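Participant: Below is the sequence, then the predicted model.
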Amino acid sequence: MDRGLLPQPIASGTTDKALCKALPYRVTSVVPKIRLGGYIFIAWRSDHPPRHVHVYQKGRLVVKWDLENKKPMKGKASAKLLKLIAELEAQGRI
């Protein structure tokens, strides 16, 4: 197992174990976890279409956001979260 994909401690003192349960068993290419504004953003280059990002807060999925069609695939996104997603996308980070 790739040691880089093991759960790592986050600021709250918890681990990303909850995220690991929600993630696919096999991922061929992962973009690093981006922590911003109290959220964790994860997007895989090799994931299924449409191009999307998974956004977590406190170990729970907040939204799975469709980057191509600018709409939620699962969950809901606040105005603050939409602004952060747009910012990360403009920077080419997701």
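Facilitator: Looks like it arrived, so ask away.
Participant: Name the residues that touch stretch 73-87?
Facilitator: Contact partners of stretch 73-87, identified using CB atoms under 8 Å, 6 or more residues apart in numbering, comprise 36-37, 39, 41, 50, 52-53, 55, 61-67, 94. The C-beta positions use only the backbone N, C-alpha and C, and glycine is treated the same way.
Participant: tell me the contacts of the nearest residue to Ile34 once chain neighbours are set aside?
Facilitator: Leaving aside its chain neighbours, Ile34 sits nearest to Phe41 (4.3 Å; criterion: CB to CB, 6 or more residues apart in numbering). Contacts of Phe41 were listed using CB under 8 Å, 6+ apart, and they are Lys33, Ile34, Arg35, Val53, His54, Val55, Leu84, Ile85, Leu88, Arg93, Ile94.
Participant: Roughly how far does the closest residue to Val53 other than its chain neighbours sit from Pro49?
Facilitator: Leaving aside its sequence neighbours, Val53 sits nearest to Ala43 (CB to CB, 6+ apart; 4.3 Å). With distances defined as CB to CB, to the nearest Å, the gap from Ala43 to Pro49 amounts to 12 Å.
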